[in-house]
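# From the sequence below, what's the structure:
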Amino acid sequence: MKMRFVKGIILVLFTGLVFASCSKESNPEEDILGTWTVENVDFEATIGTKSLLQYYMDEFSMTEPQAQAVMAAFDAALAQQFTGTIEIRADNTYTATMGDESDTGTWSLSSDYKKLTLDSDSDETIVLDIISLTSAKAVMGMAEEISEDLNDDDVPEDISVTIEMILEKQ
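A predicted model of the protein is given here:
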């Protein structure tokens with residue numbers, strides 16, 4: 001009888017845990033709303049097949065410490081540009097303050113909730129990949145391929161840039 005009672009208690013506790021873990025499912029259209037602060041930005045670039053560090057060392061005859069110092073300064077400037085907030089409102093408008101600049105416009109989510117499009121009133125449209133999204137935290141990123149002559153040899157280099165941001169809701 002005692003064993004049957006213990007099994008019954010375990011079954012009740014297990015059932016409660018199952019139902020508790022099946023709480024309200026996340027709704028990306030609601031989760032995205034609010035004011036978000038950029039907590040961290042990771043930047044990565046490759047030039048052709050070389051890392052940015054290796055490119056600086058090879059193309060500009062820098063030592064590794066010199067190239068790392070240039071990259072550290074670049075990372076600091078990038079972090080400053082991405083310091084700020086973005087308020088995403090239910091009327092599909094947004095206001096962003098990043099670095100020293102402010103922007104407004106409209107936003108939309110893709111039907112699969114994997115992309116956030118920010119259509120600026122005064123600048124280019126930005127499409128961010130939604131890597132993860134909860135009501136309190138978001139990880140978003142973007143990747144771009146550009147071609148530009150970085151070393152003044154009249155031959156454009158293929159540059160791949162990826163940026164990943166961690167945002168937390170205020």
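# separation between Asp58 and Asp121?
42 Å (CB to CB, to the nearest Å). For every residue, glycine as well, the C-beta is placed using N, CA and C.
# Neighbour count for the two, which is higher?
When neighbours are counted by other CB atoms under 10 Å, Asp58 and Asp121 differ, and Asp58 comes out ahead with 13 against 10.
# On the three-state scheme, the more buried one is what?
Using DSSP: H, G, I helix; E, B strand; the rest coil, the structure places Asp58 in helix.
# My read is that it contacts Leu52, right?
No. Applying CB atoms under 8 Å as the test, Asp58 and Leu52 come out as separate, 10.9 Å apart.
# Can you show me the strands along the protein?
Taking DSSP state E as the test, the strands found in the chain are 34-47, 50-51, 84-88, 93-98, 101-109, 115-120, 126-133, 137-148, 157-169.
# Adding mean pLDDT, distance to Ala67 and mean neighbour count, write these out as JSON lines.
Formatted as JSON lines, those follow (pLDDT from 0 to 100; distance: least, CB to CB, whole Å; neighbours: other CB atoms under 10 Å):
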{"stretch": "strand 34-47", "mean pLDDT": "93", "distance to Ala67": "12", "mean neighbour count": "16"}
{"stretch": "strand 50-51", "mean pLDDT": "94", "distance to Ala67": "10", "mean neighbour count": "14"}
{"stretch": "strand 84-88", "mean pLDDT": "95", "distance to Ala67": "29", "mean neighbour count": "18"}
{"stretch": "strand 93-98", "mean pLDDT": "95", "distance to Ala67": "27", "mean neighbour count": "16"}
{"stretch": "strand 101-109", "mean pLDDT": "95", "distance to Ala67": "29", "mean neighbour count": "15"}
{"stretch": "strand 115-120", "mean pLDDT": "96", "distance to Ala67": "33", "mean neighbour count": "17"}
{"stretch": "strand 126-133", "mean pLDDT": "96", "distance to Ala67": "29", "mean neighbour count": "15"}
{"stretch": "strand 137-148", "mean pLDDT": "94", "distance to Ala67": "19", "mean neighbour count": "14"}
{"stretch": "strand 157-169", "mean pLDDT": "94", "distance to Ala67": "16", "mean neighbour count": "16"}
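# so which of those strands gets nearest Ala72?
Ranking the strands of the chain by their distance to Ala72 (criterion: CB to CB) puts strand 34-47 first, at 11.7 Å.
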